[in-house]
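# Mind folding the following:
(chains A, B, C and D)
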There are 2 protein chains.
Amino acid sequence: MNPILRGNRALIRSINRSILLNAIKTQGLVSRAALVHITGLSPATVTAITGRLIEEGLVFEKATGDSTGGRPPIMLALNPRGGFVIGIKLMEGHAVGALTDLNATILAKDSIELADKQYETSVETLIALVNRLIHSSGIPTKQLMGLGIGLAGVVDFAHGIVKQNPFFGWRNILLRDVLETRMHVPVYIDNDVNTLTLSEKWLNRGQPEDNFIVITIGRGIGMGIVINGEVYRGKGGGAGELGHVMVDPNGPLCDCGKRGCLESLVSDRALVAEARRNVSPDIADLDDLIQLASEGDAGAAQVLAHAGTLLGRQIANIVNVLDPKLIIISGEGTRMGDVFFSAVRTAFHDCVMTGLAEDTEIRVNSWGDDIWALGAASLVIAEIFKSPIQKEERTENTK
Amino acid sequence: MNPILRGNRALIRSINRSILLNAIKTQGLVSRAALVHITGLSPATVTAITGRLIEEGLVFEKATGDSTGGRPPIMLALNPRGGFVIGIKLMEGHAVGALTDLNATILAKDSIELADKQYETSVETLIALVNRLIHSSGIPTKQLMGLGIGLAGVVDFAHGIVKQNPFFGWRNILLRDVLETRMHVPVYIDNDVNTLTLSEKWLNRGQPEDNFIVITIGRGIGMGIVINGEVYRGKGGGAGELGHVMVDPNGPLCDCGKRGCLESLVSDRALVAEARRNVSPDIADLDDLIQLASEGDAGAAQVLAHAGTLLGRQIANIVNVLDPKLIIISGEGTRMGDVFFSAVRTAFHDCVMTGLAEDTEIRVNSWGDDIWALGAASLVIAEIFKSPIQKEERTENTK
DNA sequence: CATAGTTCGTTCAATAAACAAAGAAATTAT
DNA sequence: ATAATTTCTTTGTTTATTGAACGAACTATG
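Here you go, the predicted structure:
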């Protein structure tokens, strides 16, 4: 009932636990003395808390380090098998799930058909998928630390509510609470682009970036925003609708009912449609278009370059507004290749405010098949490593 | 050196102190028992901490409340005269300063000429202004809790550095540190639009909004972004450059060197220039144009309406990306009147994604003369009421 | 090889902040 | 006048961090 985060002993402990857990994760292999130095905590505290982490199985004493003239350090490391998580991506017609350890290494993978659009039957199907994953991986059920679910549409992460989903037609479904009562594990639900965004923060080694943007190109165009290390979701999960930014008031009709949305000009379907009109009616799908462009067809290249220019211009506008350090482009559309992306980069640099983006990087991400399920899994992993002072977002549904 | 916020007793105390101070501020008049109820803290803790706040002079026992069948409550209230702050807005040629209490009520106001653009002499002038304000208000110097400064350009708030300022030509000036060593008070520096944005959060009574955007129209077009209750400043203070979002690649040349920036189409000067070309060469300034439009001149109205449409469309795009609850339009340009703002609203609703902005409010703010200095002052007030877990932003310059 | 020096980790008492419970204060209800 | 009620304070308990001392395990050196 009271969402205020007040100060008490549990909070102290929880903060310091999180600091140490994260330090051990980012350092990889680290002694207690080094942790004292890094965190500023006292040796006694480090001993006490690491002791508890070892007891919980999240950390272990991995090896003895080399002495530097005194007692050799005992090197601590994260135990990736200290807990397991499951990530599930819901799609039209089927769901893909992955069971991973705390390093997001996949231990089991599976998918299941979603025949029915009714959410009650879908819940049963999801539970079946989870059980299959647990069974095939052989982990004890007790070790499952959480379940993350990513799906398209507007999702209220804080309350765990699917506000609207285009495929299933769901509206205001309390999916989190339903699954939690059935499965007795913490459940986290988010928009699929946000889960993908989170995975960029958690799956890349090295220090995680704290201000970046992920843009996905595929069926639609999505955007995930990370601000101060947190995924920004907007008033009601509606942030990041880059696909429906209006580019041309007289443009083609978009699914959303408006004209000239970016998505109506740059998505898979839009490109294929345009290429069919202006290049060749034989083009069946995006791959044909890419193929043609790579073979030197000027018309095909022109279609891709124009789309890239439109996207680059919008990215520039976003940089003007949000000034992020890094922009990651991901999704099926990353296979569009150099013609497209060099147009993106050129348009970006032409349109961004002078002096603003001198060290802003645009990175095109290699595209793996598992990435959506991994993203959903990292939703849970992120939660495990989060400090309590960042955790306030998750609020109970009082009803 | 160690920016990590670790858990210890000082942190607990500081968190709870902040919770109570904020609760007293928002409640206005509140008993200890009510605070127990609101905050979830124990009665003993509330007694202890409010005791300390009373000792510090920030809170006092204001009155005795009505009994509800038992001992009557002692009502606590914030003592607005428990501390004082000074806000200064730097402009081309002069600086305006205001000394206010903790309610942002102005007790003294003054301005001073900035003859020289050299920053060393400017610092001396600012110190003179501060001293004059302290003297004329008659407060004891010890009660001055901080100094806030707002100025145009790119400012690194966290490090207190003016990265670039258009009027003075300053570059990477450590203004905060210089002033702090001279004045022995905490100093906070920020972009002027950000200070204005903060003041919207602090000067409006009632519960402060946590996700909103402030757009200023005047000489330029600026934007302040509040996300999760915090002003978002971007990678290096460069966020919010709405004025340099590219609207038309073939548009007029902007000060920044690019073509077709929003600012080159909608700012004061741009409108006057266009009106001179297309309506009448006699138009001297924006007020003439507004006057003409209000008298029913179709051409003048057309100029304003077109500008409004352009702005409304960009606001829609920002809402698509950030999904804020509230959009506040402020600045000198708010006097442009209904022709302009109804065009803004129409274009906004036409272009925003369907279903996204059903309860998003666009508010045009009345425009006061003191608002810039007040904004700078609220920079300090905000800091006083901030919880330590939100304070990490301010980092020392290690050099 | 014995001793000193160094580094790492643990133990122990001290400290302080929240908390629970009981008590004191000041009112209304009967 | 007494009981009930609400508000606030006091007292003692709990517990997490901390500093300091100590033990453990190594290297350096004569």
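
# for the stretch 251-399 of chain A, what spans make up the strands?
For the stretch 251-399 of chain A, the strands defined by DSSP state E, counting those that start in this stretch occupy A:326-330, A:361-364.

# Please, where are all the strands along the stretch 101-250 of chain A?
A:106-113, A:144-151, A:154-156, A:161-164, A:171-173, A:187-191, A:212-217, A:221-227, A:230-232.

# and of those, who's closest to DNA strand D?
strand A:144-151 (21.8 Å; C-beta to the nearest atom of the strand). Bear in mind the C-beta positions are built from the backbone N, C-alpha and C, glycine included.

# Kindly list the longest helix within chain A.
In chain A, taking DSSP state H as the definition, the longest helix is helix A:298-322.

# show me the contacts for the closest residue to residue A:101 other than its chain neighbours.
Using C-beta to C-beta, 6 or more residues apart in numbering or on different chains and skipping residues adjacent in sequence, the residue nearest residue A:101 is residue A:80, 4.3 Å away. Contacts for residue A:80 (C-beta atoms under 8 Å, 6 or more residues apart in numbering or on different chains) come out as A:101-103, A:105.

# how about stretch A:361-370: buried residues?
The neighbour-count check on stretch A:361-370 (16 or more other C-beta atoms under 10 Å in any protein chain shown) flags A:362, A:364-365, A:370 as buried.

# Tell me, how many residues neighbour the closest residue to residue A:347 other than its chain neighbours?
What sits nearest to residue A:347 in space, not counting adjacent residues and going by C-beta to C-beta, 6+ apart, is residue A:312, at 2.9 Å. Residues contacting residue A:312 under the criterion other C-beta atoms under 10 Å in any protein chain shown number 24.

# Columns distance to residue B:31 and mean pLDDT on top of the strands of the stretch 251-399 of chain A, output as JSON lines?
Shown next, in JSON lines, are the strands of the stretch 251-399 of chain A (distance: least, C-beta to C-beta, whole Å; pLDDT from 0 to 100):
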{"stretch": "strand A:326-330", "distance to residue B:31": "50", "mean pLDDT": "93"}
{"stretch": "strand A:361-364", "distance to residue B:31": "55", "mean pLDDT": "90"}
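
# Let's have those in CSV, adding distance to residue B:151.
Formatted as CSV, those follow (distance: least, C-beta to C-beta, whole Å):
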stretch, distance to residue B:151
strand A:326-330, 29
strand A:361-364, 29
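
# where does chain A dip in pLDDT?
Chain A contains residues with pLDDT under 70 at A:1-3, A:204-208, A:392-396, A:398-399.

# Apply 50 and report the result again.
Along chain A, segments meeting pLDDT under 50 span A:1-2, A:399.

# Report the contact partners of the spatially closest residue to residue A:323 that is not a sequence neighbour.
Nearest in space to residue A:323, with sequence neighbours left out and distances taken as C-beta to C-beta, 6+ apart, is residue B:234 at 2.8 Å. Contacts for residue B:234 were tallied using C-beta under 8 Å, 6+ apart; they are A:211, A:322-324, B:240.

# Please identify which of those is nearest to DNA strand D.
When the contacts of residue B:234 are compared against DNA strand D (criterion: C-beta to the nearest atom of the strand), the nearest one is residue A:211, at 29.1 Å.

# my guess is the closest one contacts residue B:235, does it?
Yes: using C-beta atoms under 8 Å, residue A:211 is in contact with residue B:235, at 5.9 Å.

# what sits in contact with each of the two?
A:323-325.

# got those as a markdown table, with distance to DNA strand D and neighbour count columns?
Formatted as a markdown table, those follow (distance: C-beta to the nearest atom of the strand, whole Å; neighbours: other C-beta atoms under 10 Å in any protein chain shown):
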| residue | distance to DNA strand D | neighbour count |
| --- | --- | --- |
| A:323 | 35 | 24 |
| A:324 | 34 | 24 |
| A:325 | 31 | 16 |
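
# Among these, which one lies nearest to DNA strand C?
Using C-beta to the nearest atom of the strand, the shared contacts of residue A:211 and residue B:235 come closest to DNA strand C at residue A:325, 33.5 Å.

# Where does the stretch 251-399 of chain A get nearest to DNA strand D, residue-wise?
residue A:388 (12.1 Å).

# and that residue, how many neighbours does it have?
Residue A:388 has 17 nearby residues by other C-beta under 10 Å.

# residues from the stretch 1-150 of chain A in reach of DNA strand D?
A:9-10, A:12-13, A:16, A:41-45, A:48-49, A:64, A:67, A:69-72 (C-beta under 7 Å from any atom of the strand).

# So which of those are in helices?
A:9-10, A:12-13, A:16, A:43-45, A:48-49.

# For chain A, which segments count as helices?
Using DSSP H, helices in chain A cover A:9-27, A:32-39, A:43-56, A:119-137, A:175-183, A:192-203, A:263-266, A:268-278, A:286-294, A:298-322, A:337-351, A:371-385.

# coming back round to it: quick check: the farthest pair among the ones in helices among the residues of the stretch 1-150 of chain A next to DNA strand D?
A:10 and A:43 (22.5 Å; C-beta to C-beta).

# about what we covered before: give the buried subset of the ones in helices among the residues of the stretch 1-150 of chain A next to DNA strand D as a PyMOL selection command.
Selection of buried members from those for PyMOL, criterion 16+ other C-beta under 10 Å:
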select buried, chain A and resi 12+13+16+45+49
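
# any idea which of the ones in helices among the residues of the stretch 1-150 of chain A next to DNA strand D is the one closest to chain B?
residue A:12 (3.5 Å; C-beta to the nearest C-beta).

# Now do the contacts for the closest one.
B:7-9, B:11-12.

# how does it look with 10 Å?
Residues in contact with residue A:12 (C-beta atoms under 10 Å, 6 or more residues apart in numbering or on different chains) are A:45, A:388, B:6-9, B:11-12, B:15.

# near DNA strand C too, which of those?
B:9, B:12.

# how close does the residue nearest to residue A:53 when sequence neighbours are not counted get to residue A:33?
Nearest non-adjacent residue to residue A:53, counting by C-beta to C-beta, 6+ apart: residue A:59, 4.1 Å away. Applying C-beta to C-beta, to the nearest Å, the value for residue A:59 to residue A:33 is 15 Å.
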